[in-house]
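Colleague: 3D model of this:
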Amino acid sequence: MENKIIIYQVFTRLFGNSKNVCKRNGTLVENGCGKMDFFDSVTLRRIKKLGATHIWYTGVIRHASKTDYSAYGVPSQHPAVVKGNAGSPYAITDYYDVDPDLAVEVDKRMEEFEALVERTHNMGLKVIIDFVPNHVARQYKSVAKPEGVKDLGETDDTGLEFSPGNNFYYCTGVPFEPYFDLMCGAGYPYTEFPAKATGNDHFDSHPGSTDWYETVKLNYGVDYCDAGGRSYHFDPVPDTWHKMAAILDFWAGKGVDGFRCDMAEMVPVEFWSWAIARTKAAHPGLLFIGEVYNPSLYRNFVACGFDYLYDKVGMYDCLCGVMRGGCPASAITWQWQSVDDIKDHMLYFLENHDEMRLASDFLVGDGRRGVPALVISALMGGNPYMLYAGQEFGERGMDSEGFSGRDGRTTIFDYWTVPSLYHGYVDRRKMSAGEMLLEGVYTKVLNIARTEKAVADGLFFDLMYANNDGACSFNPDRQYAFLRKCGSDVLLVAVNFYDKAVDCGIRLPHHAFEYLGLPEKRVKACDLLGGGTLVEWDLHADGFVRLTIGANGGRVYKFNV
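Modeller: Okay, here's the model as predicted:
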């Protein structure tokens, strides 16, 4: 592995919004919107300095919105089937178009995206965008598709609930009748006949307000309502497969380096095997990242070509539990062991647009309390690490923006200015001392992850089994430690989930010396997180090394053998 991948996720609409007006349920005109041109050389350089190798520009493809762009030939959306004023970036209205909110000149939005890709590449960073394969907006209509391309649903037989030749599933003979208002202040109701199945596998005409009612399910040849249970119709290749593969090829042709595939497990693995192989053959080096939550399916998705999968149900949930005191730090060992055979394919993260902010009142209440989890998830393996913009400043996500209430998450449905991002990227004079301090810690940790060969390519040795007896004040409930080694370089990484500093010893078992090829000798170790502080240790099999770890802190000691 040449470099460890560090993905910086930006919600493009919110990032760099310099208007700094936060009116609840505000419109685009009232609250403003971040633009693609905000990512200039200064901003991209700052992101790279943080340690990023890739930027995931979330919400680039045109999606349903209540903002009217009909003057530019963009079809308007009925407000009853749009969540929030800005709309969900996962209710795609045109797979071949760019969200007009993000453009300075709306009629040149694709050119502005192409320029964004070029600027990002020129800074030595790679570009990831969303691919949303499971569902589209209820009023999907492409106005930007290449010549000769037929639109989704254009040739469907709407008299059939299911057909392998259809792109959608239909509730034949009945209208769309959800359990919510179909007017939504528009003066006329939203109508759909026959009703299409809803994106979260809701196959009747009555989705509720908690369903993905603004979306319709795409048909990949799986009959979910067959009398004998599910049946699969993959030969001949379904029409939807061809259309979606063409969309992947289109964006890869724009210079995109990878796709984060939304709700990948809701689409059959047979499609992924077919589509990923075709796309990678045409565009070598392209990355596919799958949002998969069922651990029993992980190996199927790796086998069908995904480079990386979300490790949410395992490592993310475990680290959240440790931070909140609900489970011991030693539980982390079981999480990596459960996927050890595919460990290089697991994507670690502590925040993303779906999850609560670490610093929210609903999680741990302070971004500094996430530092031990950051050190573990960034340095434990050579697999990628992803952070969500604002995490490095301790963004709290405690605004009540409109459609998105005060839930500890940063809205994906509203026009808004994110406080920490405004401080960090628009007006750094407004940064608090705490934001600056936390940003410095993230920069150190992520650059260690990116540059130290022991992290990207090294061996890993978990020290917890040798330190579970509480000897030398090491508490396996609140401390975690491991070794990384590449060549003659060794890293001893130890973290403390306590709110107070600890002075403890860590036992280095005989097996670690055998497995890593460590000599028994005296070494000088430099703390890469602590400003280069030097300590001297005598390394002995089954002996201890002593160190102090700050409250909610970590140590990364590097020594040479």
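Colleague: got a list of what the residue lying closest to residue 384 once chain neighbours are set aside touches?
Modeller: Leaving aside its sequence neighbours, residue 384 sits nearest to residue 5 (C-beta to C-beta, 6 or more residues apart in numbering; 3.8 Å). No exception for glycine: its C-beta is placed from N, CA and C like everyone else's. Counting by C-beta atoms under 8 Å, 6 or more residues apart in numbering, residue 5 touches 53-54, 384-385.
Colleague: check which residues of stretch 139-157 are buried.
Modeller: By neighbour count with 16 or more other C-beta atoms under 10 Å, stretch 139-157 contains the buried residues 139-142, 144-145, 149, 151-153, 156.
Colleague: please name the nearest non-neighbouring residue to the spatially most central residue of the chain.
Modeller: Ranked by distance to the mean C-alpha position of the chain (C-alpha atoms, centre = their mean), the top residue is residue 352 at 5.0 Å. Spatial nearest neighbour of residue 352, chain neighbours left out: residue 388 (5.1 Å); criterion: C-beta to C-beta, 6+ apart.
Colleague: cool, and residue 452?
Modeller: residue 491 (6.6 Å).
Colleague: is the one you found in a helix, a strand, or coil?
Modeller: Here residue 491 is recorded as strand under DSSP: H, G, I helix; E, B strand; the rest coil.
Colleague: bridging residues for it?
Modeller: Beta bridges link residue 491 to residue 484, residue 558, judged by DSSP bridges.
Colleague: let's see the pLDDT reported for it.
Modeller: At residue 491, the model reports a pLDDT of 98.
Colleague: neighbours of the closest residue to residue 193 other than its chain neighbours, how many?
Modeller: Using C-beta to C-beta, 6+ apart and skipping the chain neighbours, the partner closest in space to residue 193 is residue 175 (4.6 Å). Residue 175 is flanked by 13 other residues according to other C-beta atoms under 10 Å.
Colleague: and residue 161, by the same measure?
Modeller: 17.
Colleague: contact partners for it?
Modeller: Counting by C-beta under 8 Å, 6+ apart, the residues that residue 161 touches are 169-172, 225.
Colleague: next one: it from residue 204, what distance?
Modeller: Between residue 161 and residue 204 the distance is 11 Å, computed by C-beta to C-beta, to the nearest Å.
Colleague: wait, residue 177 touches residue 208, no?
Modeller: No - Residue 177 is beyond contact range of residue 208, at 11.4 Å (criterion: C-beta atoms under 8 Å).
Colleague: show me where the protein has helices.
Modeller: Remark: helices assigned in the chain by DSSP state H are 28-31, 41-50, 109-122, 239-252, 269-282, 298-303, 317-323, 331-338, 371-379, 419-421, 433-451, 453-456, 510-516.
Colleague: run the angle between the second one and helix 433-451 for me.
Modeller: Helix 41-50 runs at 70 degrees relative to helix 433-451, counting by axes from the mean of the first three to the mean of the last three C-alpha atoms, to 10 degrees.
Colleague: let me see the mean pLDDT of helix 41-50.
Modeller: Average pLDDT, helix 41-50: 98.
Colleague: tell me the helices and strands packed up against that helix.
Modeller: In terms of contacts (3 or more C-beta pairs under 8 Å, 6 or more residues apart in numbering; DSSP states H and E), helix 41-50 is packed against helix 109-122, helix 433-451.
Colleague: partner residues bridging residue 54?
Modeller: Residues in beta-bridge contact with residue 54 (DSSP bridges): residue 7, residue 126.
Colleague: cheers, nothing more for now.
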